[in-house]
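Chemist: with the input below, show me the fold.
(chains A, B, C and D)
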Protein chains: 4
Amino acid sequence: MAGSSFGNQFKITTWGESHGKAIGVVVDGCPAGLPLTEKDIQSFLDRRKPGSSPFVTPRKEKDEVEILSGTFDGRTTGCPISLLVRNLTHRSSDYNHIADIYRPGHGDYTFDHKYGFRDYRGGGRTSGRETIGRVAAGSIASKLLEKLGIDLYAYTKSIGPVSIDPTCFSREEIQNNPLFMPDSASAAKAEEYLTDCMKQQDSSGGVIECIAKNLPIGIGEPVFDKLSANLAKAICSIGSVKAFEIGDGIEVSKARGSQNNDCFFLEKGNIAKKTNHSGGILGGLSDGSDLILRAHIKPTSSISAPQTTVSRNGKEEEIRIQGRHDPVIVPRAVVVVESMTAITLIDMLFSNMTAKIDGILKFYER
Amino acid sequence: MAGSSFGNQFKITTWGESHGKAIGVVVDGCPAGLPLTEKDIQSFLDRRKPGSSPFVTPRKEKDEVEILSGTFDGRTTGCPISLLVRNLTHRSSDYNHIADIYRPGHGDYTFDHKYGFRDYRGGGRTSGRETIGRVAAGSIASKLLEKLGIDLYAYTKSIGPVSIDPTCFSREEIQNNPLFMPDSASAAKAEEYLTDCMKQQDSSGGVIECIAKNLPIGIGEPVFDKLSANLAKAICSIGSVKAFEIGDGIEVSKARGSQNNDCFFLEKGNIAKKTNHSGGILGGLSDGSDLILRAHIKPTSSISAPQTTVSRNGKEEEIRIQGRHDPVIVPRAVVVVESMTAITLIDMLFSNMTAKIDGILKFYER
Amino acid sequence: MAGSSFGNQFKITTWGESHGKAIGVVVDGCPAGLPLTEKDIQSFLDRRKPGSSPFVTPRKEKDEVEILSGTFDGRTTGCPISLLVRNLTHRSSDYNHIADIYRPGHGDYTFDHKYGFRDYRGGGRTSGRETIGRVAAGSIASKLLEKLGIDLYAYTKSIGPVSIDPTCFSREEIQNNPLFMPDSASAAKAEEYLTDCMKQQDSSGGVIECIAKNLPIGIGEPVFDKLSANLAKAICSIGSVKAFEIGDGIEVSKARGSQNNDCFFLEKGNIAKKTNHSGGILGGLSDGSDLILRAHIKPTSSISAPQTTVSRNGKEEEIRIQGRHDPVIVPRAVVVVESMTAITLIDMLFSNMTAKIDGILKFYER
Amino acid sequence: MAGSSFGNQFKITTWGESHGKAIGVVVDGCPAGLPLTEKDIQSFLDRRKPGSSPFVTPRKEKDEVEILSGTFDGRTTGCPISLLVRNLTHRSSDYNHIADIYRPGHGDYTFDHKYGFRDYRGGGRTSGRETIGRVAAGSIASKLLEKLGIDLYAYTKSIGPVSIDPTCFSREEIQNNPLFMPDSASAAKAEEYLTDCMKQQDSSGGVIECIAKNLPIGIGEPVFDKLSANLAKAICSIGSVKAFEIGDGIEVSKARGSQNNDCFFLEKGNIAKKTNHSGGILGGLSDGSDLILRAHIKPTSSISAPQTTVSRNGKEEEIRIQGRHDPVIVPRAVVVVESMTAITLIDMLFSNMTAKIDGILKFYER
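Modeler: A predicted model of the protein is given here:
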């Protein structure tokens, strides 16, 4: 099956392996007339770049993007936008020792079983580098959202046991610390926790939250393509995500209806909600409140502490994964979560344009 | 946009409103040669039927299914299977008083905004009755899974604050109590909790867990169509689901790699995992362990306790929703979660058939 | 594979066999607010109804459509529209004698091979009755086209060797004769030809032409979803169509560029084309001229003249197909070609709404 | 809308403009384990290369392909295969004089209308260079067909009024003459005809025929995804194709059933057809006979003879298109038709694998 495409009206197709020649994405369905340069895309890619703090892999990659098609004179043409990032510093030899061994927590075993053999260098297609294509595409979706007046951002909500203090939330702070946390005190604590993890040759998980403000009401489709459903797929398609929440998320299962329902009221003549337990989605459609979602990310599978495992030829072995690995994926995944959310929102905003005959008649004005 | 279809090789298209003439589904891509009668499908529909306990709506619907196409002489023909359930006992007049008012927690407001007007009778397309099509289709997917030797089941894991005791888990018990809990003592406590909710004119949320045993290894596609991603969409497309988990789910964000990784070992010569934190999915593909997922369901939005809200014509009003409503959706949603999982698994099993050139050559044997 | 759906934004899913209980279609993606009653749909179905002339099967079917979902108070709601036509007069016993024999020109042999067995009654899913779903859906697409000011019609261009005389073209005449020809003299000649075919227990092919006037410029997508490509699929998916042409069609292969190019000029200040060899499509997009396409239909495969063939159990046999069959499919297929064109045009018109960032901003006006 | 992808299980996504940096394709859904090198792909690309005869554009492009992903150690991995061809010799200045003028027969006018502006250099996305992606992908599909024992080839059937003589058909001859005609005498006559066209600053159309031998029976899906329908879309999505035929094609409309039906008989115990008017497709499915299709290609739109047209700013002008253009597209389009056929066949062969429950059980053998 061909599973490397996502979206319908705004469709992205990613390709590339960690240690192949390059990684890239084709963005199809971007409307014509959007100003777009490599700089716009690069600013997104730089947010997931390795080597920028002690808590991410020291592997140095410049990850410079090249626009190969779909723009002319600094604007999109309506034709597919092909984006390419060359893999430069891959040291395949780092991986020879794991060519024949199944790393716990990784997809080595399942890939081998499915395809008969695998590209063992750095995880191949299962590598986190696969997200370069998502982020490059996400930068374009984000520019479209901006044009539509929608404000989208994501941040680290927790690292291991260290959660942000909501009363100390500062949006500016997000870009100020290497963990992308909106609360500097919690970020400092999280850094301590990570330092300890690293000492113990271990890794940490965490939670990413993403918010969209000012979405039009009614975005999403009633049954299978609920906004929540498509976001769930988008987010859970990111490697290492093991849980997805909208609004109050898992808390709703313990709540009562009288607590969980958001009562409507009039705010300066407009309909508004007194609370936002729904996370901005009612009946599968955006309800005008902030869209709030969370991704729960597992700890990095590659740890240098010893683990027992089995080799391809069926022998039990001990493994210590050396290489260059992030002790925590979360900070670099923040922009990935934001990108996948942006792509899904644009796709659903485009879908929404045919909901009413009046809207279509207005569009065609004939 | 057309959002009423789900799946690729095994595709379902549902239609119908709560108070329209009928509700149904077209199942396309079911292979020829599967024995299938209305009885097979009815047994699934009966599991979501209203009126069977004090904890579900007293609205009586027989929900009898009719196969309109796709079978001949008791077997599927490979052509689309059209299934129909007539709506019999809809009393639209029950809903006249809410025609012009936005019920908190429901999609009334968002639908009205998106489409310009809505079928207010019983929620129309947002009604829980929409799941009839999913369950009817799920019964066919489940028959296919059974043929392939895969064992799939779902149950209520918690109702409000009452969770099952895993040490008392009994699979037989699931069908024995009206809440579909695998632990009779917890079921009794949950019934008490629900009785209290009802007294207070309130409702409760809960958690459904679903398990698939004996899945082949390698099911799912590496990037956007990860098994976890497609299941996330399937489950989050069910109304009232606000969170989705695979394996350890939200717990992974607090875990360390050394705790969360499942070490491989040899069990009678076969590769196995010592633990199953991954919930049966590694690198987005099934790993041979039990597939474990959970859906967090919000409390029923329709409560008879008073709530403040706003009407279509922009006036604040108090609302008390009378009608016939379930105080908790969870028990009737168990078979819905199981059905959506079955549909997703069959679709991904079919996709997997083209993963290897050897498999294709073997299939065509030319 | 699931091959019973067509379209993306405006998607139809058909189901049903000739001699099953019913035949139907789900129309998904129809915008809300379109006035729609069963009468609107019935008028289209009546154009393909059997029993209305000596040149169509005497099998009597009222083919009455029932709307099961998707409308409320006489308007579409934006939810999927399910349409049902019961099969009433099927006499399966007519077909017992062909249960085990492969009829020349039919899909009996190929279906048997693909699926392992087949519904032999009246061709099952390969029956011309399958087009009921297409026509029912087409009536809705046609109403949308009408709202957009687009004028679409189809007619019989030739029956066997008898072609219409373009200088005698009369649009009113199309509905006046049983062959749907826009030229009464040619229609009379064609009737003679068909009478002769019937005497000789034989059948005839023919050509259907379809015109769309007043299409907006730019409809279609540049590469694989060219308007011409999607129309080609739509038309060639109709049983018995063996060739498809746009504009000058097969004549272009003999033409020179200087003859085939349509020169632009100014007509009252607007850009126009001096000729329309292109049939209204340039670069895969509508060019503002009349869209012109043709479908070449093979003679009915069921003839009562003797033919040699082979049975399921591998014996050569002579077959004379009695039953109730049309000596020519063309007249009843006219509305099918028109319907598939309408469905494709609406789907592509909807797609076109996201071509320009300006159009999107205008739509959302934020 | 995103219209740059084709296929479902075997999906290609093309990108790139004539005068952008590069042109390419992502092939998704290719099974793992297929031997594949750049040489395999290059041999296909070389068949559409410019500059190889007096009858194709003298523009020199080496069109060297680079595999960027999806292979490892000379075999496919099951991951998407990204293929890149750099544009080297584009002289954009050639096109400055037509930046503001609508060339007759081209998509300039329709693109401008749809997108608000266009990449005027060499036609941008409407250029014939767009087919590089199709041919690169087609080479992979062709390798898969070969593995399955299916023999696929295409050739020029006619150039302008010069058709091949079927009695002189020689498959070896196809690769021997610059027009890819299977009959050297006709090729010589066609060369004369083309020389005359060029003298008159004019261009010619032609017909391409494509044959597939040894297809399994039953390939295709009954209704909308008939093999004929998907091939029609595939072929009509190639620029300049204005008509598509299967088997007897347009001739069927004049035929009688007794002439057009192919009678079955037994050939060494196997079912066979006495004739092949159907072109290898019955009921939308492959019938075991040779698949035969034809594409009718219009004459090159770019001619140096003077034409009248209109400019962007609404003035009538005379245009003489100089540049470097093929006087006939047909010879270079032969490999494009073959490639699109190969891609469609592989996609449909993959789809067919889930037709029968027995086949699925055999595949999984559990």
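Chemist: got the CA coordinates for stretch A:287-306 in CSV?
Modeler: Backbone C-alpha positions of stretch A:287-306 (Å, rounded to 0.1, in the frame of the first residue of the first chain) are rendered in CSV as follows:
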residue,chain,number,x,y,z
ASP,A,287,-16.9,25.5,17.8
GLY,A,288,-15.1,28.9,17.8
SER,A,289,-13.2,28.3,21.1
ASP,A,290,-9.5,27.6,21.2
LEU,A,291,-8.6,24.2,19.6
ILE,A,292,-6.5,22.4,22.2
LEU,A,293,-4.8,19.0,21.6
ARG,A,294,-2.1,17.1,23.3
ALA,A,295,0.4,14.4,22.2
HIS,A,296,2.0,12.0,24.6
ILE,A,297,5.5,11.1,23.5
LYS,A,298,7.3,8.0,24.6
PRO,A,299,11.0,8.1,25.9
THR,A,300,13.6,7.8,23.1
SER,A,301,14.0,4.1,22.4
SER,A,302,17.8,4.4,21.8
ILE,A,303,19.5,4.3,25.2
SER,A,304,23.1,3.4,26.0
ALA,A,305,22.1,1.4,29.1
PRO,A,306,22.4,-2.3,28.4
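Chemist: may I see the buried residues of that stretch?
Modeler: Applying a neighbour-count criterion of 16 or more other C-beta atoms under 10 Å in any protein chain shown, one finds A:287-304 buried in stretch A:287-306. C-beta: built from backbone N, CA, C; applies to glycine.
Chemist: mark which of those residues are part of strands, please.
Modeler: Among these, the ones falling in strands (DSSP state E) are A:291-297.
Chemist: where do the strands sit along the stretch 251-366 of chain A?
Modeler: Along the stretch 251-366 of chain A, counting by DSSP state E, counting those that start in this stretch, strands occupy A:264-267, A:270-273, A:281-282, A:285-286, A:291-297, A:307-310, A:316-319.
Chemist: format these as CSV; extra columns: distance to chain C.
Modeler: Formatted as CSV, the entries for the strands of the stretch 251-366 of chain A read as follows, by distance: least, C-beta to the nearest C-beta, whole Å:
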stretch, distance to chain C
strand A:264-267, 19
strand A:270-273, 15
strand A:281-282, 16
strand A:285-286, 11
strand A:291-297, 16
strand A:307-310, 37
strand A:316-319, 42
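Chemist: mind listing what A:Ser278 touches?
Modeler: A:Ser278 makes contact with A:246-248, A:262, A:287, A:289, B:105, according to C-beta atoms under 8 Å, 6 or more residues apart in numbering or on different chains.
Chemist: want to try JSON lines for those residues, with distance to chain C and pLDDT as columns?
Modeler: Written out in JSON lines, the entries for the contacts of A:Ser278 read as follows (distance: C-beta to the nearest C-beta, whole Å; pLDDT from 0 to 100):
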{"residue": "A:Ile246", "distance to chain C": "23", "pLDDT": "98"}
{"residue": "A:Gly247", "distance to chain C": "24", "pLDDT": "98"}
{"residue": "A:Asp248", "distance to chain C": "28", "pLDDT": "98"}
{"residue": "A:Asp262", "distance to chain C": "23", "pLDDT": "98"}
{"residue": "A:Asp287", "distance to chain C": "17", "pLDDT": "97"}
{"residue": "A:Ser289", "distance to chain C": "17", "pLDDT": "98"}
{"residue": "B:Gly105", "distance to chain C": "20", "pLDDT": "95"}
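Chemist: nearest to chain D, of these?
Modeler: Of all those, the one with the least separation from chain D (C-beta to the nearest C-beta) is A:Ile246, at 26.1 Å.
Chemist: my understanding was that that closest one contacts B:Ala232; is that so?
Modeler: No: distance between A:Ile246 and B:Ala232: 11.2 Å, which falls outside the contact criterion (C-beta atoms under 8 Å).
Chemist: so which residues on the stretch 101-250 of chain A come close to chain D?
Modeler: Within the stretch 101-250 of chain A, the positions near chain D by C-beta under 8 Å from any C-beta of the partner chain are A:114-119, A:124-125.
Chemist: try 6 Å this time
Modeler: Applying C-beta under 6 Å from any C-beta of the partner chain, one finds that the stretch 101-250 of chain A approaches chain D through A:115-116, A:119, A:125.
Chemist: and of those residues, the nearest to C:Lys189?
Modeler: Closest approach between those and C:Lys189, by C-beta to C-beta: A:Tyr115, at 63.4 Å.
Chemist: now that closest one: how far from B:Asp73?
Modeler: Spatial separation of A:Tyr115 from B:Asp73 under the definition C-beta to C-beta, to the nearest Å is 40 Å.
Chemist: out of these two, which sits in the more crowded spot?
Modeler: Set side by side, A:Tyr115 and B:Asp73 show unequal neighbour counts under other C-beta atoms under 10 Å in any protein chain shown, the larger going to A:Tyr115 at 25 against 8.
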